[in-house]
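Trainee: following is a predicted model, sequence given first.
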Amino acid sequence: MSAKVTKSRAPRAFKAPERNFGELDAHDTAALLTSAADVALVLDSDGVVRDAALGSEELAEARVERWVGKPWIDSATPETRHKIEALLKNSGPRWRQVNHPDPAGGPDIPVLYSAMPFGRNGRFVAVGRDVRPTAALQQRLVDAQQSMEREFSRLRQAETRYRLLFQISTEAVVIVDAETRRVVEANPAAANLLAAGRRLVGRPFPDGFDASGTRVIKDLLSAALARGQAGDARVSLEDDGGEFLVSASHFRQEGGSHFLLRLAPVRPDSRRMSDGRSRLADLVESAPDGFVVTSTDGRILTANRAFADMAQLAGPELAIGEMLDRWIGNTGTDADVMIGKLREHGSVRLYATSLRSEYGSKSDVEISAVSVPGGETPCFGFAIRAVASRLEPRGKSSRELPHSVENLTRLVGRVPLKDLVGETTDAIERLCIEAALELTGDNRASAAEMLGLSRQSLYVKLRRYGLGELEAEAGS
């Protein structure tokens, strides 16, 4: 069996060079070489450059004119000089890339050369092409390939992590095609739950739920398709009646539309927790103290019936959307102060202020508040308690100060300082006069002397506070 030999094809040459190029003289030949190449060199038999021409101004920085009279091999970088030796030894149109150092200190200049002997005295002509544009394109291609490989590597790593989490997740996860409503992908937890270990991919969805659960899931998918996300609907399986919470999200991938569904079993303790929260909400709604939930800027989100009664509103729904400072605070700054403390400290305890009703009446209140930063919507909760009866106790003795120091400080911001100081001064002055009369046995002359007052001034103050009339009635 003979081996088949493949011969390399030789370059195609002109069929009639004498007839077509016989009329060319030396100048025409030089012009043809210059226009056909970026650089053309004439070499003697020793490889010394005897003449040079540039066909491209882009090689001007190589300073080819300095090569004349020197060996061509000296113009190349050390690692490419052997290629010049090969070009001068081998006859034939072989192309080799030779790098020339940049005299200005820049990157090497790559030139693709081919050398051919001519004449009878062993001379050579070498023509070269500047391959820097090609090298730049090749470098850009290499950079793009490396960038793509790095991106593919990141995608593969992300997909590996996704696959691992998808497989080991104890929560059932199902991906459904939005057009065909068939399962595209499901993790083992979903297969065990919905298909009892059988293959779930390719089956229609929803499948395996009771009639009510199937209807709820279809509505859930429609809502997710319209809004992008829908969640927390309770459904039951058809066989064992197990209950699950289903949430759905809609996303697009590779020109297709898909749903991602998560199914979490409803545990008895979660049902008890839900019932406990419901009872807590009922207690807050029926509590005798006012309770208000606001956004972080003080706008009311919900309020209970007690707050509506305090503010003299027909119903708590009328407070929703209004600012808290519409009813809380005398100066309009109390609500801002409480909100600032909530943002800084997270809670406020027993803040004394006043509550204004819709009809202008005021009542003293104490407010405790807390910040709830978690959840979908951060909010503030305010518990409001009326303290008018505690601030003004009944059965107060005639010699007791009308306000303790604590109560007086609570009045700051609700009563002008001038009125607060005047009321305190009158109370102390009356108590001192009563004590002097008691010590002197109602001897007004001695009481006036004890107080450092004239008798006439004492009589004026007695009439002012009604003490003289009371004593006169007591003596009659």
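Mentor: That came in fine, so what should we check first? Bear in mind that the values here come from a model prediction, so they are computed numbers and not experimental data.
Trainee: what's the average pLDDT for the host helix or strand of Val337?
Mentor: Val337 is part of helix 334-345, with elements assigned from DSSP states H and E. Helix 334-345 comes out with an average pLDDT of 86.
Trainee: from the contact counts, what lies against the next helix or strand after that helix?
Mentor: Once the chain leaves helix 334-345, the next helix or strand it forms, by DSSP H and E, is strand 347-356. Contacts defined by 3 or more C-beta pairs under 8 Å, 6 or more residues apart in numbering; DSSP states H and E place strand 347-356 against helix 334-345, strand 362-372. Heads up, the C-betas are built off the backbone N, CA and C, glycines and all.
Trainee: centre of the chain to the longest one, how far?
Mentor: The reference is to helix 334-345. Centroid separation between helix 334-345 and its chain, computed with C-alpha atoms, centre = their mean, to the nearest Å, is 26 Å.
Trainee: for it, name the packing helices and strands.
Mentor: Applying 3+ C-beta pairs under 8 Å, 6+ apart, one finds that helix 334-345 contacts strand 347-356, strand 362-372, strand 379-386.
Trainee: beyond the longest helix along the chain, next helix or strand please.
Mentor: Counting residues, the longest helix found in the chain (DSSP state H) is helix 132-168. As assigned by DSSP H and E, the chain's next helix or strand after helix 132-168 is strand 172-177.
Trainee: mind listing what's buried in that following strand?
Mentor: Neighbour-count burial for strand 172-177 flags 172-176 (criterion: 16 or more other C-beta atoms under 10 Å).
Trainee: same thing with stretch 47-65?
Mentor: For stretch 47-65, by 16+ other C-beta under 10 Å, it's 47-49, 52-55, 59, 62, 64.
Trainee: from those residues, pick the one nearest Ser222.
Mentor: Nearest to Ser222 among the buried residues of stretch 47-65 is Leu59, at 69.4 Å by C-beta to C-beta.
Trainee: which residues touch the closest one?
Mentor: Each residue near Leu59 by C-beta atoms under 8 Å, 6 or more residues apart in numbering is listed here: 38-39, 109, 111, 130.
Trainee: now render those residues as TSV, adding pLDDT and neighbour count.
Mentor: Shown next, in TSV, are the contacts of Leu59 (pLDDT from 0 to 100; neighbours: other C-beta atoms under 10 Å):
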residue	pLDDT	neighbour count
Asp38	87	22
Val39	90	24
Ile109	88	21
Val111	91	26
Asp130	89	20
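Trainee: what's the closest of the helices and strands packed on helix 334-345 to Arg227?
Mentor: Set against Arg227 and scored by C-beta to C-beta, the helices and strands packed on helix 334-345 come closest in strand 379-386, at 22.7 Å.
Trainee: render the CA-only coordinates of the closest one in CSV, please.
Mentor: Extracted in CSV, the C-alpha atoms of strand 379-386 (Å, rounded to 0.1, in the frame of the first residue of the first chain):
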residue,chain,number,x,y,z
CYS,A,379,-41.7,52.5,61.6
PHE,A,380,-42.2,54.1,65.0
GLY,A,381,-44.7,53.1,67.6
PHE,A,382,-46.2,55.5,70.2
ALA,A,383,-48.1,54.6,73.3
ILE,A,384,-50.1,57.6,74.6
ARG,A,385,-51.5,57.8,78.1
ALA,A,386,-53.6,60.6,79.6
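Trainee: by contact count, what packs against that strand?
Mentor: Using 3+ C-beta pairs under 8 Å, 6+ apart: strand 379-386 touches strand 290-294, helix 305-310, helix 334-345, strand 362-372.
Trainee: tell me the most buried of the ones you listed?
Mentor: Comparing the helices and strands packed on strand 379-386 by mean neighbour count (mean count of other C-beta atoms under 10 Å), strand 290-294 ranks first with a mean of 22.
Trainee: give me the angle between that strand and strand 362-372.
Mentor: 50 degrees (axes from the mean of the first three to the mean of the last three C-alpha atoms, to 10 degrees).
Trainee: figure out the helix or strand that Pro107 lives in.
Mentor: Going by DSSP H and E, Pro107 is not part of any helix or strand.
Trainee: against Glu57, how distant is it?
Mentor: 18 Å (C-beta to C-beta, to the nearest Å).
Trainee: what's the answer for His100, then?
Mentor: His100 is 16 Å from Glu57, by C-beta to C-beta.
Trainee: again with Gly422
Mentor: 100 Å.
Trainee: now do Gly22
Mentor: 33 Å.
Trainee: number of residues surrounding Arg123?
Mentor: 13 (other C-beta atoms under 10 Å).
Trainee: would you say Phe50 is within a strand?
Mentor: Careful, residue 50 is Arg and not Phe. Yes. Counting by DSSP: H, G, I helix; E, B strand; the rest coil, Arg50 is part of a strand.
Trainee: now do the contacts for it.
Mentor: Neighbour list for Arg50: 42-44, 68-69, 123 [criterion: C-beta under 8 Å, 6+ apart].
Trainee: ok, so of the residues you listed, who is nearest Val266?
Mentor: Using C-beta to C-beta, Leu43 is the member of the contacts of Arg50 that sits closest to Val266, with 90.9 Å.
Trainee: my guess is that closest one meets Asn121, correct?
Mentor: No. Leu43 sits out of contact with Asn121 when judged by C-beta atoms under 8 Å, with a separation of 11.4 Å.
Trainee: and the two? Which one has more around it.
Mentor: Comparing Leu43 with Asn121 by other C-beta under 10 Å, the one with more neighbours is Leu43, at 23 against 8.
Trainee: now do the contacts for the more buried one.
Mentor: Going by C-beta under 8 Å, 6+ apart, Leu43 touches 49-50, 72, 88, 115, 123-126.
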